[in-house]
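Here's my sequence, what's the structure:
(one chain, ligands or ions: 1)
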Amino acid sequence: MSATVAPALETGLAIRLEGVSLGYGRHAVLEDLHLDVAPGEVLVIVGPSGSGKSTILRAVAGLLTPRAGRVLAQGVPVTGPSPDRAMVFQDDALLPWRTVRRNVELPLRIRGVPRRDRGPAAESWIARVGLAGWEDRLPRELSGGMRQRVQLARSLAAAPRAVLMDEPFGALDAQTRGEMQRLLLDVLRDTAATVVFVTHDVDEALLLADRVVVLGRGGIGRVLPVPGPRTPETDRAGLRARIIEEL
Ligand SMILES: Nc1ncnc2c1ncn2[C@@H]1O[C@H](COP(=O)(O)OP(=O)(O)OP(=O)(O)O)[C@@H](O)[C@H]1O
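Below is the predicted model:
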């Protein structure tokens, strides 16, 4: 009898900030942050411009080394970027000379997925974000909303264990933004990834989050659980008022 070993299911990353202080050169931005993000959780950091939201995300991504404390991913200190932690930016971060397909294939290549498997995997994600038929276009031929769809496909194609999203819909018009929020909720249902999402829009935070972290002038303020279900219809007026009070 041959024993078969089931492959380990990929789960979301547990992320922990342990007494983390962040800054640039002599400029201190945030001191002594403590935060736990559970595997598979959607944690949204909301705060005004300049409060340090992107700075926290950069530290989790491994793009900024803490001045003190540690960022841990699954208990292991983060020392640099990893394909396990995909980033999605507000600005279009696609490679302009690569087609949609070749942009989405990129993380698959980095992950070591064989060439023959990259195309089908990329195509399925491109279809998933509603861009079937656009595979061979260049980013400049797409609208801003379409480019963010490609970024979303690219970030999820290689099944990262965490997705770090920095105001990904900030530059979009209200209607496109609403479409992208619904798309994100939809695709996240099929992944186990932990999501850390940064926004200054309280309504966006309440729509997407399992928990909202309020980043105010004194650093991390309250961490508030958001009641489900995650639909635009759920009334979260009381919570909204509390968050705005904290900001
Ligand atoms: N590369 C950098 N060098 C020096 N200072 C920086 C750098 N990036 C950000 N800062 C400073 O760090 C602070 C926090 O910036 P950060 O971009 O994290 O804020 P934010 O909350 O994401 O703001 P926004 O919503 O406007 O993007 C600000 O005072 C900013 O000027």
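
mind checking how far residue 55 is from the ligand?
Per CB to the nearest ligand atom, to the nearest Å, residue 55 is found 3 Å from the ligand. For every residue, glycine as well, the C-beta is placed using N, CA and C.

Let me fix that, I meant to ask about residue 144.
Distance from residue 144 to the ligand, counting by CB to the nearest ligand atom: 17 Å.

With residue 31 instead?
Per CB to the nearest ligand atom, residue 31 is found 13 Å from the ligand.

Would you mind naming what in this structure lies close to the ligand?
By CB under 6 Å from any ligand atom, the part of the chain that sits against the ligand consists of 24, 27, 29, 47, 49-55, 200.

if we go to 8 Å?
Contact residues, the chain versus the ligand (CB under 8 Å from any ligand atom): 23-25, 27, 29-30, 47-58, 90, 166-167, 198, 200, 215.

I'd like to know which of these are buried.
With burial judged by 16 or more other CB atoms under 10 Å, the buried subset of the residues of the chain next to the ligand is 23, 29-30, 47, 51-58, 90, 166-167, 198, 200, 215.

Which of these fall in helices?
Of the positions in those, 53-58 sit in helices, assigned by DSSP state H.

List just the nearest of those residues to residue 17.
The closest of those to residue 17 turns out to be residue 56 (CB to CB; 7.5 Å).

so what's the closest one up against?
With contacts defined as CB atoms under 8 Å, 6 or more residues apart in numbering, residue 56 is in contact with 17, 22, 30, 33, 45, 198, 215.

mean confidence score for the host helix or strand of the first one?
Here residue 17 is covered by strand 15-24, with elements defined by DSSP states H and E. Per-region confidence: strand 15-24 scores 94 on mean pLDDT.
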